[in-house]
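In: Predicted model, plus sequence, below.
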Amino acid sequence: MLVTLKDILKIAQAKQCAIGSFNTPNLESMKGVIAAAEELNQPVIIMHAQVHEEMGLCELEETGTIMLYMADKAKVPVCVHLDHGTDLDYIKRGLDIGFTSVMYDGSLLDPKENYANTCIAVEMAARYGASVEAEVGSMGARESGEAGGESVYTDPDEAYRFVKETGIDALACAFGTAHGLYLKEPKLDFERVKKINSMIDVPMVMHGGSGVSEEDYKKVIDCGIRKINYYTYMAKAAAEAVCAMEDKTFFHDIAVCAQNAVKDDVMKAIKIFSRI
Ligand SMILES: [Zn+2]
């Protein structure tokens, strides 16, 4: 069943847990993620990242159409989200085909421009009944990059003003996580998350969510994180499973192996995020 980000995060808020949000740049990852959510009977968010199209993976309209079809027929609530949309035209393309949520990412822009563009994204999404996530502060490295870049942590006062003035539905916060593989153990600023949570009235999102310890996941959820973006370690788990295959003669066998590995890894993540 296809739902918006706003609605799926209400479930998280009511259960005081977080919803797993997974990039699904190919059919195998889509099928693996949805199968995991259905087996655990938990809501889930599937995401198309703008950068994955730039990397030569699926085009938004190709992958988005299948994501929406799969969300629609799923037995659990599924939100179809555009991850790190860095330009408004691209976001509009997602909304045009029916994405129920978009992230506008203007974190690398001048703050004034980030505010203004986020307001436009909110206005645009409202016309489609879709939700908007946006970011203040910066996670450093982008979706495609290695972790370890210089991060700018989200300032609580800035977060308060940003949420109030833009009318977004969810706020992505920078507090020590990074995209990609962690080169050293991440040090998360839990107090910052708690403080921001106490000041804003929309759910908070953690990016760079894979590679964090189980204990830290629990702590961030306690501090108010309601959406956890998780991709890198799921992609790594699939690659490792394929590498360990004895017979790699046929691509279809490789695809099934990767799909099953995605499902197993995502099930582990969802169990932690949903506290089951
Ligand atoms: Zn991200």
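Out: Yes, it's here.

In: going forward, measure contacts and count neighbours with C-alpha atoms only.
Out: Will do.

In: Let's verify Pro186: helix, strand, or coil?
Out: coil (DSSP: H, G, I helix; E, B strand; the rest coil).

In: Use 44 as the first number for this chain going forward.
Out: With 44 as the first residue, the last one maps to Pro229.

In: How many residues are close by it?
Out: For Pro229, the count of nearby residues is 17 (other CA atoms under 10 Å).

In: got the contact list for the residue nearest the centre of the chain?
Out: Residue closest to the average C-alpha location in the chain (CA atoms, centre = their mean): Asn272, at 3.4 Å. Applying CA atoms under 8 Å, 6 or more residues apart in numbering to Asn272 gives the contacts 63-66, 248-253.

In: looking at this, it is in a strand?
Out: Yes. Under three-state DSSP, Asn272 falls within a strand.

In: what pairs with it across the strands?
Out: Ser64 (DSSP bridges).

In: Check the gap between it and Asp153 for me.
Out: Using CA to CA, to the nearest Å, Asn272 is found at 24 Å from Asp153.

In: which of the contacts of Asn272 are buried?
Out: Listed as buried from the contacts of Asn272 are 63-66, 248-253; burial here means 16 or more other CA atoms under 10 Å.

In: Tell me which of these fall in helices.
Out: Per DSSP state H, helices hold no members of those.

In: Switch these over to TSV, and while doing so, append pLDDT and distance to Ala92 to every line.
Out: Shown next, in TSV, are the buried ones among the contacts of Asn272 (pLDDT from 0 to 100; distance: CA to CA, whole Å):
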residue	pLDDT	distance to Ala92
Gly63	98	15
Ser64	98	12
Phe65	98	10
Asn66	97	7
Val248	97	15
Met249	96	15
His250	93	12
Gly251	86	13
Gly252	80	15
Ser253	80	16
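
In: with those in mind, which one is nearest to Met310?
Out: Of all the buried ones among the contacts of Asn272, Gly63 has the smallest distance to Met310: 9.8 Å, by CA to CA.

In: In space, what's closest to that closest one - neighbours in sequence excluded?
Out: Distance criterion CA to CA, 6 or more residues apart in numbering; nearest residue to Gly63, sequence neighbours excluded, is Ile271 at 5.2 Å.

In: my read: the one you found touches Gly254, true?
Out: No. Using CA atoms under 8 Å, Ile271 makes no contact with Gly254, being 11.7 Å away.
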